[in-house]
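Enquirer: Quick one: sequence and predicted model below, then my questions.
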Amino acid sequence: MGKRGDRRRTKRASLAAAGLVCGLLGALSAQAEPVAAKQQPIPDEIWRDMLGKSWHPGRGCPSQANLVLLTVPFRNFGGQSALGELVVAKSVALAVSRIFSEIYRTAAFRIERMERIDKYGGSDDASMAANNTSAFNCRTVAGSPNLSAHALGMAIDINPIQNPYVKGAEVDPPHGRPFDSLAKRQAAHDRGEPGIILSGGAAVTVFKRNGWKWGGDWTTLKDYQHFSATGR
């Protein structure tokens with residue numbers, strides 16, 4: 001009985017130790033998983049990279065001091081946790097941080113990639129073709145001399161291919177044509193295709209709850225990828 005009792009005590013101690021280790025690993029894993037966006041002033045080396053790409057002098061776009069770099073958690077198309085970068089106006093940084101943290105916690109929406117548009121030379125076309133989610137870009141509205149809400153750091157485009165700009169027969173990016181109507185978008189969503197923004201879905205719900213507007217609600221055209229603080 002003594003030896004069996006010793007073995008039982010040893011087994012119980014081993015199980016307790018294993019349980020403690022599993023608990024600690026679980027706690028560490030939970031702490032390691034990104035759940036909140038972080039913000040910082042634009043570092044000088046990133047600002048130098050932005051010059052001539054996403055930022056241009058003489059256009060009236062915000063200065064380095066009035067922009068913020070956000071590190072944002074998201075779930076990619078494979079469902080894994082990832083971190084991306086967005087540059088936004090300092091005035092909306094807290095709201096954007098809150099929005100993406102809330103979307104992340106819902107675990108209900110996917111984003112393919114999120115990189116500063118400087119990686120694409122400041123080209124909106126190249127960024128959209130890569131299905132990149134981006135924010136600040138010191139540019140005018142296409143076909144207009146007016147600054148875009150992106151040039152003010154107050155707009156974000158998400159998954160442009162799954163959520164294209166649609167005006168009549170024009171679809172931008174062109175690879176977004178399979179998603180250019182509500183019927184096509186709903187059918188793709190029902191098939192389980194990730195990253196499609198729909199009214200009532202997690203992305204639209206969270207953005208609107210924080211006071212932002214969605215281009216999918218526009219009447220003369222649809223900009224399904226586009227959210228803005230200004231409504232433009």
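Expert: In hand now; what should we look at?

Enquirer: Neighbours of the nearest residue in space to Arg98 that is not next to it in sequence, how many?
Expert: Distances taken as C-beta to C-beta, 6 or more residues apart in numbering place Asn210 nearest to Arg98, at 6.2 Å, with adjacent residues excluded. Every C-beta, even on glycine, is put in place using the N, C-alpha and C of the backbone. Counted with other C-beta atoms under 10 Å, the neighbours of Asn210 add up to 16.

Enquirer: Break this protein down into its domains, please.
Expert: Domain ranges of the chain: 1-32, 34-228, per automatic domain parsing.

Enquirer: can you put those in CSV and add mean pLDDT?
Expert: Compiled in CSV, those are given as follows (pLDDT from 0 to 100):
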stretch, mean pLDDT
domain 1-32, 43
domain 34-228, 95
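
Enquirer: Tell me which of these is the most buried.
Expert: Per-stretch averages of neighbours, counted by mean count of other C-beta atoms under 10 Å, single out domain 34-228 among these, with a mean of 18.

Enquirer: now it: how far from the chain's centre is it?
Expert: Relative to its chain's centre, domain 34-228 lies at 6 Å (C-alpha atoms, centre = their mean, to the nearest Å).

Enquirer: Pull stretch 175-189 out as PDB, backbone CA atoms only.
Expert: Coordinates of each C-alpha in stretch 175-189 appear next as PDB, following Å, rounded to 0.1, in the frame of the first residue of the first chain:
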ATOM      1  CA  HIS A 175     -10.500  42.200 -60.400                       C
ATOM      2  CA  GLY A 176     -13.400  43.200 -58.200                       C
ATOM      3  CA  ARG A 177     -15.900  42.600 -61.000                       C
ATOM      4  CA  PRO A 178     -17.100  39.300 -59.500                       C
ATOM      5  CA  PHE A 179     -18.200  41.400 -56.500                       C
ATOM      6  CA  ASP A 180     -19.800  44.400 -58.200                       C
ATOM      7  CA  SER A 181     -23.400  43.800 -57.200                       C
ATOM      8  CA  LEU A 182     -25.300  43.100 -54.100                       C
ATOM      9  CA  ALA A 183     -26.500  39.800 -55.400                       C
ATOM     10  CA  LYS A 184     -23.000  38.700 -56.400                       C
ATOM     11  CA  ARG A 185     -21.600  39.900 -53.100                       C
ATOM     12  CA  GLN A 186     -24.200  38.100 -51.000                       C
ATOM     13  CA  ALA A 187     -23.800  34.900 -53.000                       C
ATOM     14  CA  ALA A 188     -20.000  35.000 -52.500                       C
ATOM     15  CA  HIS A 189     -20.400  35.600 -48.800                       C
END
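
Enquirer: quick one: the strands in this protein?
Expert: For the chain, the strands defined by DSSP state E cover 38-41, 67-75, 81-89, 113-114, 132-133, 155-157, 165-167, 170-172, 213-214, 222-223, 226-228.

Enquirer: looking at those strands, which is closest to Ser144?
Expert: Using C-beta to C-beta as the measure, strand 165-167 is the one of the strands of the chain that comes nearest Ser144, at 13.1 Å.
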